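Enquirer: could you look at this predicted model? Sequence included:
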Amino acid sequence: MAYNIGLLGLGTVGAGTVDILLNPEGRHPLLGDLNLYRVGVRDLNKPRAVKLPDELLTTDLEAIVSDEAVDIVVELIGGLEPARSLILQAIAHGKHVVTANKAVISRYGDEIYDAANAAGVYVMLEAAVGGGIPVINPLKQALGVNRIQSVIGIINGTTNYILSRMQQEGSDFGEVLVDAQSLGYAEADPTADVDGWDAADKIAILAALAFGGRVKREEVHCEGIRSISAADISYAQKLGFRIKLLAIARRDPSPDAIDHLQIRVHPTLVPLSHPLASINGVFNAILVEGDPIGPVMFYGQGAGAGPTASAVTSDIINIAAILKTETEPIPHPLLSCTHQHYCTLTRVEELESRFYIRLIAKDRPKVIGHLGMIFGEHGVSLESVVQIGFREDLAEIVIVTHETREGNFREALAEVEDLEEIDTVPSVIRVL
Ligand SMILES: NC(=O)C1=CN([C@@H]2O[C@H](COP(=O)(O)OP(=O)(O)OC[C@H]3O[C@@H](n4cnc5c(N)ncnc54)[C@H](OP(=O)(O)O)[C@@H]3O)[C@@H](O)[C@H]2O)C=CC1
Ligand SMILES: N[C@@H](CC=O)C(=O)O
Ligand code: NA
């Protein structure tokens with residue numbers, strides 16, 4: 001029995017997927033049951049990384065998702081529209097869907113999964129988080145019996161690649177971003193990577209699976225890496241940290257916030273001894289803590305044609321396996337998504353973190369005393385204060401706080417910024 005694949009998109013991931021589908025030797029025998037039936041693109045004349053017969057390609061994507069012969073629609077065009085509408089149309093026509101599109105799923109997952117459940121079809125998304133790393137299906141299946149306490153990850157390959165090269169070579173941000181784009185890691189608009197939105201989409205998806213409730217993507221606090229400078233990377237190194245863009249989801253430990261989740265994305269100083277500190281380049285890693293399993297870490301290539309296509313194709317064969325073994329496919333309880341309620345997210349001011357602050361101050365007596373006093377008045381205790389560099393009559397001061405409520409820290413910082421002796425506050429970064 002052959003299952004017809006309608007592929008939408010033949011860019012980086014689409015071409016990687018075709019490469020696996022057309023070269024099944026030495027891979028799972030179920031690949032032999034798949035037939036690449038139609039491929040939808042925007043521009044028929046564009047040079048392609050894979051060679052396909054002309055008659056397979058079309059610019060009419062709606063015809064693919066409504067074609068009776070298509071069994072599985074694989075959406076790899078990216079972006080919100082027309083991806084969302086095409087996925088919904090595919091579902092309405094009874095097609096199973098595989099997608100790598102975290103932007104669509106994190107924003108319209110409720111609509112898409114409601115439609116899929118009503119139609120009795122699957123929407124699979126292993127490639128949407130962590131690229132080739134199996135993390136979605138393990139959260140649904142192998143870790144499903146655990147009470148998950150936290151999910152902390154480096155889940156954007158582009159920013160990890162940029163930060164790693166800035167760390168290793170002292171390279172310039174813009175120059176490394178161009179390399180990440182040419183290697184196929186970055187989104188069509190790399191703003192989504194650099195400003196943390198891509199990681200926020202992904203942690204919203206992981207949190208929904210880990211904690212069993214829907215997450216409103218717009219409530220996820222998100223900061224990117226544009227403001228990270230070579231100076232911060234170097235000071236962090238001297239203080240025993242690496243700067244990483246972390247995506248964090250955990251249960252709120254406060255007794256006043258039962259059932260609340262803390263979900264956020266921001267650059268973070270990670271202690272060198274922490275397992276996430278040594279994840280470099282396009283590699284991603286996701287550290288999950290559950291009860292009773294304890295810590296589990298998933299590690300691998302989080303972007304790029306081949307690794308992402310591996311996840312896409314594994315979802316396709318999962319669906320093919322179900323189609324092959326079940327005459328009347330019913331939503332498989334470990335593969336479908338059925339949660340209905342929305343999780344409550346803790347406001348960012350209530351979060352507890354340590355902070356790294358780099359200040360440029362006038363080099364005068366009592367400056368450090370004033371800083372200590374202001375932070376102290378807001379209940380923010382300082383772990384270390386180092387006056388590191390001098391520039392004419394200015395001093396560079398690097399402070400690391402103890403764990404503190406973010407709201408208190410922000411109030412203190414606003415007062416510090418108003419001090420006559422403070423020239424600028426170039427960096428404020430949370431510390432893990
Ligand atoms: N690149 C990566 O490493 C990863 C990407 N992803 C996700 O995978 C998806 C695809 O990404 P990627 O392969 O990098 O994207 P690309 O930009 O490389 O490819 C997009 C493809 O979709 C086609 N396309 C886009 N819009 C339309 C449209 N309106 N009508 C018809 N065809 C269209 C393009 O056609 P044409 O070629 O003719 O322009 C192109 O073939 C995205 O959701 C992305 O977030 C997930 C994990 C990793
Ligand atoms: N642009 C993304 C691609 C995969 O999701 C990344 O850099 O991680
Ligand atoms: Na994955």
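Expert: All right, it came through fine. Ligands and ions are numbered 1, 2, ... in the order given.

Enquirer: in the protein, which residue is closest to the centre?
Expert: A centroid search over the chain (CA atoms, centre = their mean) returns Ala199, at 2.7 Å, as the residue closest to the centre.

Enquirer: ok, now how distant is that residue from Ala285?
Expert: Per CB to CB, to the nearest Å, Ala199 is found 13 Å from Ala285. Just so you know, the C-beta spots here come from the backbone N, C-alpha and C atoms, and that holds for glycine as well.

Enquirer: roughly how far does the closest residue to Ile243 other than its chain neighbours sit from ligand 2?
Expert: Once flanking residues are discounted, Ile243 sits nearest to Ala236: 5.1 Å by CB to CB, 6 or more residues apart in numbering. Distance of Ala236 to ligand 2, computed by CB to the nearest ligand atom, to the nearest Å: 22 Å.

Enquirer: report the contact partners of Ala236.
Expert: Contact analysis of Ala236 by CB atoms under 8 Å, 6 or more residues apart in numbering lists 242-243, 269, 356, 429.

Enquirer: 10 Å - rerun?
Expert: 167, 228, 242-244, 267-270, 272, 356, 358, 398, 427, 429, 431 (CB atoms under 10 Å, 6 or more residues apart in numbering).

Enquirer: of those residues, closest to ligand 2?
Expert: For those, the minimum distance to ligand 2 (CB to the nearest ligand atom) is 13.2 Å, reached by Lys244.

Enquirer: residues near the closest one, how many?
Expert: Lys244 sits with 27 neighbouring residues when counted by other CB atoms under 10 Å.

Enquirer: kindly export stretch 214-234 (C-alpha atoms) in CSV.
Expert: Extracted as CSV, the C-alpha positions of stretch 214-234 are listed here (Å, rounded to 0.1, in the frame of the first residue of the first chain):
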residue,chain,number,x,y,z
ARG,A,214,-2.8,25.2,26.3
VAL,A,215,-0.4,28.2,26.5
LYS,A,216,-1.3,31.6,25.1
ARG,A,217,1.8,32.4,23.0
GLU,A,218,1.4,36.2,23.5
GLU,A,219,1.8,35.8,27.2
VAL,A,220,5.3,34.3,26.9
HIS,A,221,7.9,36.8,28.0
CYS,A,222,10.5,37.1,25.3
GLU,A,223,13.8,39.0,25.0
GLY,A,224,16.4,38.4,22.2
ILE,A,225,20.2,38.7,21.8
ARG,A,226,20.6,42.0,19.9
SER,A,227,21.9,43.8,22.9
ILE,A,228,24.5,41.2,23.9
SER,A,229,28.0,42.7,23.4
ALA,A,230,31.5,41.3,23.2
ALA,A,231,32.1,43.0,26.6
ASP,A,232,29.3,41.1,28.3
ILE,A,233,30.5,37.8,26.8
SER,A,234,34.0,38.5,28.1
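
Enquirer: circling back to that earlier point, hmm, Leu245 and the residue nearest to the centre of the chain touching each other?
Expert: Yes - at 6.1 Å, Ala199 counts as touching Leu245 under the criterion of CB atoms under 10 Å.

Enquirer: quickly list what's touching both of the two.
Expert: Joint contacts of Ala199 and Leu245 (CB under 10 Å, 6+ apart) are 153-156, 158-160, 193, 224-225, 265-266.
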